[in-house]
Each structure stands twice: as C-alpha cells, then as structure tokens.
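1. sharing a model that was predicted from the sequence below.
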Amino acid sequence: MSTFAAFFSSMGTAVQGAASQGVLWGVMTLGLYITYKVLDFADLTVDGSFALGGAVSATLIVGGMDPFLTLIAALLAGMLAGAATGLLHTKLQIPGILAGILTMIALYSINIRIIGAANVPLLGEKTVITAITDTLPIGKNWAAILIGTIVAGAVIAALYWFFGTEIGCAIRATGSNERMVRALGGSTDQLKIIGLALGNGLVALSGGLVAQSQGYGDVGMGTGTIVIGLASIIIGEVIFGAGGNFARRLLSVVLGSVVYRVIIAMVLRLGLKSTDLKLLTAVIVALALSIPVLRRDKDLRVYGIVLLAGAVLYLLLVNAAAALAPGNATLLFAARFAALGATAAGFGTIWLTGRRKMAAILKR
Amino acid sequence: MLKLENVSKVFNRGTINEKRAINGLSLHLAPGDFVTVIGGNGAGKSTMLNLISGTLAADSGSILLDGVQLQKLPEHLRAKFLGRVFQDPMMGTAADMGIEENLAMAYRRGKKRGLSWGITAAEREEYHRRLASLGLGLEDRMKSKVGLLSGGQRQALTLLMATLQKPKLLLLDEHTAALDPKTAAKVLELTGEIVGLDKLTTLMVTHNMRDAIRMGNRLIMMHEGRIIADIAGEKKMGLHVSDLMEMFEKASGGEFANDRMLLG
Ligand SMILES: Nc1ncnc2c1ncn2[C@@H]1O[C@H](COP(=O)(O)OP(=O)(O)O)[C@@H](O)[C@H]1O
Ligand SMILES: [Mg+2]
C-alpha cells in the first residue's frame, strides 16, 4: 500500500476526531460570540468557566449523577461565573477585561475545590458519549459529533429565539450603543449581566461536553479558550460571511470551530509540535484582529507575505529533514536554522528597502 | 411641570480643573412650553440637559417632573418620562441594528421588557406609517441597518424614536448642529411639526439664534451655569438677533466677540 493512501486514511480519522472536537467546542464559541460579538465585551472569564463546566460535570458524574443532568449543572455554574464578572464590571465598575481576569483566577481555585484535585478521570464512568455508543452502533467520534450537533443545534435555536425577544433585542442594542439603551429605559447593567451569564453558561456547557468526551475533567483544560474561540469566530466569518440573519451567523460560528479543529489537525500532521499550537492560534488571531489596520495600510501586507512564506518554508524544511534522515538532530537543526534565517532575511530586506517600495516591487 | 430648584454641578471639584458648570440654576416649565436654549460654548446647556436626563448626577438642588423627584432615579428609570436627541447623530441610534429594531426599542421606552417577541406585526405597520410621515423614504427600508443612513436621516429617526412614546419632556441638545444647512432645516422643520402635533413640553438647545427666536414660545439664555435671560410670548416674537447679542455682551463683558454664537 502506498504511503499516500495510509497518510490519507489516517488523515480521515484525524479529521473525524477534529470535527467532533469542533462541534463540542463550537458550543463554547457560541457563548463567546454572545459576549464578544453581541455584547462587545472581551470576556476573559471563559478560560475559567470552560474548566468550571468540565470540573462540575466530571465531578458530578463520578458522584453518580446522570451525565446529561450534569451538563445542566455545568450550564448553571457557568452562568453564575458570568454573572460574577458582570457584577464586578457593572456594580463595582471594574474594567471589563480586569473583571474577567479576576473571575477567571478565582475560578482556578474554585475548580480545584470542586474536583478536590487537579483533575478527575472518568474511566469506566457513564458519560453522554458512552450513553450513545452503548445504544447506537457508532464509534466515539461519531457519538461526539452527534451529541455536539444536537446540543449546538438546540443552542442555536434557543439563542435565535432569545435574541428576538424584548430582552434579547435590548442586549444586542447594548452591545451596539449603550447610551441609547439607557436613554430608552434599558438597564445596561442588568442587560450586560444577563448577557455575560448566558455566554459563560454556554462556555461551561461546552466544557462539560469536552470533559465527558475526553474522559476527564482538568483545571487546566480551559487555558486559551478565549483565543481558540476568537479564532473560530474569525474563521467562521471569513469562510461563511459575517452577514445574514442571526441563526446563520451562529451556524457559521460553529462551523468556524470545526474548520479550526481540522486546520489544527492538519498542521499537527505536517509536523507542528502540539505545544506550539497556542502560539500559532495567537498569531492567527492577532493577524485577523489587525485586518482593519492592514486594510488601511495595504503595504503592511508585505510583512504578512514574508511571515506566511517563512512558516511554509519552516514546515517544508523540517519535514524534509525528518523524512530524509529520521532522528538526525544536526540536519533538523540546520533545517530550522535555514527557515528562520530566510524569514529573518526577508524581514531585513523589507526593512532595508522600505515596505512601500517593496510592495511596489512585488506588485510588478 | 418641570421644576429645577437651585441645581448645581461642579466638575473636578478640588482640582485645578475645577469647573462650576451649573451654578444654582432654577427653571420652571409649564406644560406645553417649547423653550429654546442659547448660550456660549461652555455655558452649561448640555450639562443642564444631562442633569435632567440623569447622564450626570447633580451635586445639589432638586429636579422635579410632575412631582417625581428625578434626581433620585438612575438614568434608565428617568427615561420613562424623557425623549432625547443628541448632537451626535451616532449617539441616538444603534448602528448595527435595523431601522425597525431601533424603533421597537424606542417603542418600549419606559415599559418593562420581557420575553415576548421584540417586534410585532402591528407595530411594524405603525412604524411604516410614522416613518412615511418623515418624508425621507425610510419606510421602504425598515430592515436596513441604521449604520447605512446619513447623519440627517439618523437624526430624523432619533427624533421619531424620542417621541414614539409620548414623553413628558423632550430634550434636544443641538440636534441639528452636526448636519449640513439643508438637512438641518429639514430636521428642524420635522421638530416643529412633531412638537406641535403632540404639544410636547420641550427644551431645545441651539446655537442658531434665529432658530431660537423663530421656534418655541419661550427663550432662555445661559451664561456660566445660570439663566441670564428668560423671554416668553409676545416679547420673544419681537426679538432680534441683535437684541440677544447685546444682552449677551452685557452679561459676559465683551468676551462675546469670538464666540460661535455669532454664527447664528
Ligand atoms: N464631563 C465633564 N468633565 C469636566 N468638565 C466638563 C464635563 N462636561 C462639561 N464640562 C465643562 O462644563 C462646562 C459646561 O459644559 P457644557 O454643558 O457642555 O456647555 P455647553 O453645552 O453650553 O457648550 C464647560 O466648561 C465644560 O468644559
Ligand atoms: Mg453642548
């Protein structure tokens, strides 16, 4: 059998696993969409509330509770966490970012209290995943995709309804123009607290789902949640568009989460170290958030081109080195050095020529 | 109906930037009064309106509206009684939401918001009718995002939103100042129509002295956080811009020369 076929078949399994992660984390992305996009609030609570959901759900399962019910408990716990951030921000007037960080940090201790340790394994316990694999003739990944799709679908429907109601409309308006909402009699404090509670509830629900699918809850499982969520939202908007009706935008957010996981699975296959993932995600999000500036100063794009070319070169050279002489540290080092050197040289050239001139040269 | 009694507001108290923006100001409005407010830059016109609306809290004094102690209520609870249009066209509407959604928000001013649908079919018909009365063609674009409208269209919409639920008091803070002259004239004309139709009690700040004389039944002039002139009825009808300038010059002792009120 050709190595190509083997590569693609293992790729297939990887994509399946990635898709299942994508929908489960997609519920978290929906929560983040509410705080970040609808409410226009960069809420760092999510790192803590995601782990909170995992901790609550896993601990209750071990305690004998029905795995589906534990998800509702996770949802409620997350809502409390979001409300805490909301209270810190509105009633005590702590800046939003800081309010989120405070709750997140507090949750770290609280999560350890809940679990009683740093993590709780679900070996041999009944989870929503095993509940499905025990009744239907499908594997773990498909079970996760199934439950994730059902939950995400239900959440999208519920959110579509909620944001069409009077309160929901007022929350959307708060994200768009707070002063107007107050002038029209809305308590922006209350509305923000409701929005943050809702968003973090969904994030925690997702944390519960992920804990059950991975087979353990862990206090560290939420690290980087906000960046992963932002990346998913941005990918969703880029691929499926940021417009359209609300349900469609929510759907694109979940699909963005799936695509994000698939991309991650692929770059891991291509040889990226898994510990470098967060760096990669942060770079993607930073680039995406700088799109407005990049639009204004088009010539800045030459840096982007060099960066992208550098990243591709790095992956190619490192993979080539590993394929040619497996285990040869010197060659690997040389490959890395060459790629980084070439990238640095690229930046140097831009610096020396000036980016405007460089952009003009590239255009020719 | 509106009673401001000895109201004061000091900004940055105790610092070198201390500013006595409203200085023991008293003002009584009768029901149906349409009062135009003029005064130089920094006279305290916006601050007075913001103290009434609750955007700012007064340091002392009382603000009564039909017997309700406004100064004890937070801004969003005062909104029940007040319609407001701001100088900045961006401020009165939510750009990311549709025209009808903005109107639906305004329709619920002062009412409890619950989990019933945010906009009903019957409302839509009413919005269509009210928008048509503006004569700007907005009734055919009810789903359009407000962010796509021009400044004048947004101000006209904000005016409609402020009066959709009849307010006890309408506060207009230089709501035509950011518009080009032609659009400003149109929005001002709409203002006269809407206020007249519902006999709304209104405070309208303007920097245009001709408008201040032409519109309303009463004119007040502010200077350094106080009302220095209050002219109503026949006497107001007979006013000329030059009278106002003279009055102002006397009060301010010549600093008037480069004030933008001259532009009026
Ligand atoms: N938020 C604020 N902080 C400090 N000073 C302010 C603030 N708002 C207004 N002021 C000052 O109070 C005075 C009155 O301002 P304002 O009511 O906006 O005047 P007007 O609307 O008549 O031009 C001005 O000197 C202004 O600089
Ligand atoms: Mg002003």
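-> Yep, it's here. Numbering: from 1, shown residues only, chains lettered A, B, ... in the order given. Ligands and ions are numbered 1, 2, ... in the order given.

2. check B:D198 and give its pLDDT.
-> Reading off the confidence values, B:D198 has pLDDT 92.

3. find the nearest non-adjacent residue to it, please.
-> B:K166 (5.6 Å; Cβ to Cβ, 6 or more residues apart in numbering or on different chains). The C-beta positions use only the backbone N, C-alpha and C, and glycine is treated the same way.

4. tell me how many other residues crowd that neighbour.
-> Neighbours of B:K166 under the rule other Cβ atoms under 10 Å in any protein chain shown: 10.

5. looks to me like it is in a helix.
-> No - looking at B:K166 with DSSP: H, G, I helix; E, B strand; the rest coil, it is coil, so not inside a helix.

6. what does chain A put close to chain B?
-> Within chain A, the positions lying close to chain B (Cβ under 8 Å from any Cβ of the partner chain) are A:162, A:164-170, A:172-173, A:175-177, A:179-188.

7. which of those count as buried?
-> Buried members of the residues of chain A next to chain B, counted by 16 or more other Cβ atoms under 10 Å in any protein chain shown: A:162, A:164-170, A:172-173, A:175-177, A:179-188.

8. would you map out the domains in chain A?
-> Annotated domains of chain A cover A:17-256, A:297-363 [automatic domain parsing].

9. got the end-to-end distance for the longest one?
-> I take that to be domain A:17-256. 15 Å (Cα to Cα, to the nearest Å).

10. spit out the contact partners of residue 247.
-> Going with chain A. Contact analysis of A:A247 by Cβ atoms under 8 Å, 6 or more residues apart in numbering or on different chains lists A:156-157, A:160.

11. meant chain B, my bad for not saying
-> Contacts of B:M247 by Cβ under 8 Å, 6+ apart are B:221, B:228-229.

12. look at residue 179 and give its secondary structure.
-> Since no chain was named, I'll use chain A. helix.

13. my bad, the chain I had in mind was chain B
-> Once three-state DSSP is applied, B:L179 turns out coil.

14. give me the neighbour count for it.
-> 21.

15. what about it, distance to A:G63?
-> From B:L179 over to A:G63 the distance is 65 Å, taken as Cβ to Cβ, to the nearest Å.

16. next: A:L315.
-> In terms of Cβ to Cβ, A:L315 sits 45 Å off from A:G63.

17. then B:A94?
-> Distance, B:A94 to A:G63, by Cβ to Cβ: 46 Å.

18. and if you look at B:D211?
-> On the measure of Cβ to Cβ, B:D211 and A:G63 end up 72 Å apart.

19. which one's more surrounded, those two?
-> Set B:D211 next to A:G63 and count neighbours by other Cβ under 10 Å: B:D211 wins out with 20 against 8.

20. state the pLDDT value of the residue in the stretch 251-364 of chain A positioned nearest to ligand 1.
-> Residue of the stretch 251-364 of chain A nearest ligand 1, by Cβ to the nearest ligand atom: A:P292 (28.8 Å). A:P292 is assigned 76 on the pLDDT scale.

21. tell me how many other residues crowd it.
-> Neighbours around A:P292, by other Cβ under 10 Å: 7.

22. now the helices for the stretch 151-300 of chain A?
-> A:166-176, A:178-183, A:188-214, A:225-240, A:246-269, A:277-289, A:291-296 (DSSP state H, counting those that start in this stretch).

23. just name the most buried of these.
-> helix A:188-214 (a mean of 28; mean count of other Cβ atoms under 10 Å in any protein chain shown).

24. show me what that helix is packed up against.
-> helix A:3-32, helix A:45-62, helix A:67-90, helix A:128-135, helix A:140-162, helix A:166-176, helix A:178-183 (3 or more Cβ pairs under 8 Å, 6 or more residues apart in numbering or on different chains; DSSP states H and E).

25. does the residue nearest in space to the middle of chain B fall in a helix, a strand, or a coil region?
-> Geometric centre of chain B, nearest residue: B:L172, 1.3 Å, by Cα atoms, centre = their mean. With three-state DSSP as the basis, B:L172 sits in strand.

26. hang on, the earlier thing: against A:L300, how distant is the residue of the stretch 251-364 of chain A closest to ligand 1?
-> For A:P292, the distance to A:L300 - Cβ to Cβ - is 11 Å.

27. go on, A:T59?
-> For A:T59, the distance to A:L300 - Cβ to Cβ - is 48 Å.

28. neighbour count: these two, which is higher?
-> Set A:T59 next to A:L300 and count neighbours by other Cβ under 10 Å: A:T59 wins out with 21 against 15.

29. give the contact list for that one.
-> Counted by Cβ under 8 Å, 6+ apart, A:T59 has contacts A:114-116, A:120, A:217.

30. A:L202: what's it in contact with?
-> For A:L202, the contacting residues are A:27-28, A:30-31, A:34, A:75, A:78, A:155, by Cβ under 8 Å, 6+ apart.

31. how many other residues sit next to the residue lying closest to it once chain neighbours are set aside?
-> Using Cβ to Cβ, 6+ apart and skipping the chain neighbours, the partner closest in space to A:L202 is A:G31 (3.2 Å). Using other Cβ under 10 Å, A:G31 has 34 neighbouring residues.

32. I'd say B:T158 and B:T93 touch.
-> Yes - assessed by Cβ atoms under 8 Å, B:T158 is found in contact with B:T93 at 5.7 Å.

33. low-confidence stretches in the stretch 1-150 of chain A?
-> A:1-9 (pLDDT under 70).
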